[in-house]
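Participant: pasted the sequence and its predicted model underneath.
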Amino acid sequence: MSSTSSPDLTSELRSLWRTRPVRTPDDSRIAGVCGGFGRRYGVDPVLFRIAFVIAALWGGAGVFLYALAWLLLRSAGDEVSKGEALLGKGRASGSKATAVVLVVVVLLSAPTFGGSGEAFFVGAGFLLAAAMLVGWYALHRRTPTPPAGWAEATAVRPPSAGTGAPDVADPGAPFGPPVPPSWDPLGAAPFAWDLPDPAYTPLPDAPPAPPRSRLTTVTLGLALIAVAVAVGLTTLGGVTWLEPTRIAAIALAVVAVGLLVGAVTRTGHGLLVVAGPLAGFVLLASLIQVPEGGWEGAGDLRVEITGPAQLDTPVTHEFGDVTVDMRGLVLDRDRGYRITNEVGEVRVLLPAGLDVQATCRTDIGRVECPESAGPDAGGPVLTLDVTTNLGDVEVTR
């Protein structure tokens, strides 16, 4: 099964890159990236602009992806992209300084994915970047062949060169400068000026364009309102369970309703551009559960207890082995101590003469935890509560 699917995916990715969008600076806001995607896949460029803005505000991926697309996608009429032109592989419009600035922006914006101290591979920016790339792949699957006229609109322009014809505006020409006919106002073909004017045949009127549906605009507006209400409940109302993943799921639910309506009315195809990144973000965020406070509780932990006051602070760990060394502890009275770990081994080292009552628990792993780990001499007793979900528990002297 794997030998059959891998070549198909590889060929699809090669086709995606071979028919990748071409930037359209003629109808752009910045560099024509969104306009190029819209023209290539038949989607309103405004939806791509919204996706980039959301990704830029939520994790910083939008700045990185837009600068990278500006660098790697060629402009209509150019031979190569700015990045390729910077490496000397062809001709591209604009200066090389712009390409250098784009390289700097890409390098500076790449580390911002994690945000808020989270690791790179679990940050919201990384999830949105992955979702937008998956959305691009889904658009290619929907429209693998470029639309009609796309190749002509994005064709490479030949370098400007002289035509070799005489200068028709030369005042020294015999009998004054010749006047080009009406069909050649630029004087590009003086060798054919003696031909009669071609007959004018009016083109047939184009059929009226069907009225554009408002389903996409209304659905996106409702989704933004739902997100704004959820954020307001979180920040002002104190609703703590409305975390970013659930807020994105609410917006995805609104977009899904719009897609259902569009499936019946055959409208709202532009919602796929927003639904893809949202669905990818919700799916990845639900699979990768970031513990509260980030991943600070990861890695091996060693705690040394030398005084009774340290027993007032329990050990709470997320991932990694935990070793608690109590061999230098002298109790002043009966005390309790709790050690909790999510994934990893827990080992407790006790002094020789300490009376300990220990309770050890693990869901998956080995337990070595005697009920009484010391002589009952009538002295202070240490009550241990040791728990781990996955790993061994060992209490020794």
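Facilitator: Nice, thanks for sending it over. As the structure is a prediction and not an experimental result, all values here were calculated from the model.

Participant: next SSE downstream of whichever strand or helix holds L133?
Facilitator: Following DSSP states H and E, one finds L133 within helix 124-142. Beyond helix 124-142 in the direction of the C-terminus, DSSP H and E gives the next helix or strand as helix 150-153.

Participant: once you drop chain neighbours, what's closest to V274?
Facilitator: What sits nearest to V274 in space, not counting adjacent residues and going by Cβ to Cβ, 6 or more residues apart in numbering, is V255, at 5.8 Å. In this view, the C-beta of every residue, glycine as well, is placed from N, C-alpha and C.

Participant: tell me the pLDDT at that neighbour?
Facilitator: V255 is assigned 86 on the pLDDT scale.

Participant: could you do L283 as well?
Facilitator: Reading off the model, L283 has pLDDT 73.

Participant: burial measure for it, as a count.
Facilitator: Residues contacting L283 under the criterion other Cβ atoms under 10 Å number 17.

Participant: just the C-alpha atoms of the strand or helix carrying it, please, in PDB.
Facilitator: Counting by DSSP H and E, the element that carries L283 is helix 271-287. Extracted C-alpha coordinates of helix 271-287, given in PDB (Å, rounded to 0.1, in the frame of the first residue of the first chain):
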ATOM      1  CA  LEU A 271     -15.000  29.300   2.300                       C
ATOM      2  CA  LEU A 272     -12.800  26.400   1.500                       C
ATOM      3  CA  VAL A 273      -9.800  28.700   1.800                       C
ATOM      4  CA  VAL A 274     -10.700  29.500   5.400                       C
ATOM      5  CA  ALA A 275     -12.100  26.100   6.400                       C
ATOM      6  CA  GLY A 276      -8.800  24.300   5.500                       C
ATOM      7  CA  PRO A 277      -6.500  26.300   7.800                       C
ATOM      8  CA  LEU A 278      -9.100  26.400  10.600                       C
ATOM      9  CA  ALA A 279      -9.700  22.600  10.400                       C
ATOM     10  CA  GLY A 280      -5.900  21.900  10.300                       C
ATOM     11  CA  PHE A 281      -5.300  24.200  13.300                       C
ATOM     12  CA  VAL A 282      -8.100  22.600  15.400                       C
ATOM     13  CA  LEU A 283      -7.000  19.100  14.500                       C
ATOM     14  CA  LEU A 284      -3.300  19.600  15.300                       C
ATOM     15  CA  ALA A 285      -4.000  21.600  18.400                       C
ATOM     16  CA  SER A 286      -6.300  18.900  19.700                       C
ATOM     17  CA  LEU A 287      -3.700  16.300  19.100                       C
END
